[in-house]
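> Sequence first, then the predicted structure:
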Amino acid sequence: MLRGFESLSLRKKVYMDRIFLQSRLELVNQSFFSLPELPEIKWSRGRIKKRYRKITFGCYDIKKNEIRIHPLFKTAAFPGFVLDFVIFHELLHYVDRDILKKNRSFFSSSRKRVHNKNFKLREDEFPKANEAKILLKRFLNEHI
């Protein structure tokens with residue numbers, strides 16, 4: 001094999017992964033939000049906290065203005081709408097960023113401030129929200 005060829009292939013794969021995530025973000029935005037500006041989106045490091053039986057499927061970092069998606073979506077056999085649901089969920093946090101800054105609740109460890117009743121009602125506006133939640137919970141139960 002030619003020297004350096006594998007690194008070129010790896011760079012191309014990383015670039016294609018970013019294009020894939022960006023296209024999913026734009027699709028969800030176009031379908032549900034129509035936001036003029038979007039946060040960055042990228043794959044997270046993919047940590048799994050087996051001790052706590054927890055995976056963070058996605059997160060919105062208000063300080064960096066970016067959405068991070070767990071890389072298990074690259075390999076696990078999830079239907080496409082499950083990834084779209086996670087992106088939708090994180091875009092809800094992006095939409096609420098001014099409220100989060102005002103309340104400074106993004107510094108708190110309490111998830112209830114962020115995932116309150118109003119948030120959950122808006123989350124359920126996603127067409128297959130319940131099915132996506134069931135598949136994500138099933139994945140946790142089977143793999144962690």
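Perfect, thanks for sending it. As the structure is a computational prediction, the values presented were derived from the model and not from experiment.

> for this protein, what spans make up the strands?
Per DSSP state E, the chain carries strands over the ranges 40-43, 48-49, 54-55, 58-61, 66-69.

> Which residue is the nearest non-sequential neighbour of the residue nearest to the spatial centre of the chain?
Closest residue to the average C-alpha location of the chain: G58 at 3.2 Å, with Cα atoms, centre = their mean. Spatial nearest neighbour of G58, chain neighbours left out: V86 (4.2 Å); criterion: Cβ to Cβ, 6 or more residues apart in numbering. Yep, even glycine has a C-beta here, placed from its N, CA and C like the rest.

> same check, this time on H89
In space, H89 is closest to E123, 6.0 Å off (Cβ to Cβ, 6+ apart).

> shouldn't that neighbour be in contact with E90?
No - the criterion here is Cβ atoms under 8 Å, and E123 misses it with E90 at 10.7 Å.

> Who has more neighbours out of the two?
E90 (23 against 16; other Cβ atoms under 10 Å).

> What is the burial count for E125?
10.

> From K137, how far out is it?
Distance check for E125 against K137: by Cβ to Cβ, to the nearest Å, it reads 20 Å.

> residue ranges with poor pLDDT in the chain?
Counting by pLDDT under 70, the chain contains low-confidence residues at 1-16, 48-53, 102-112.
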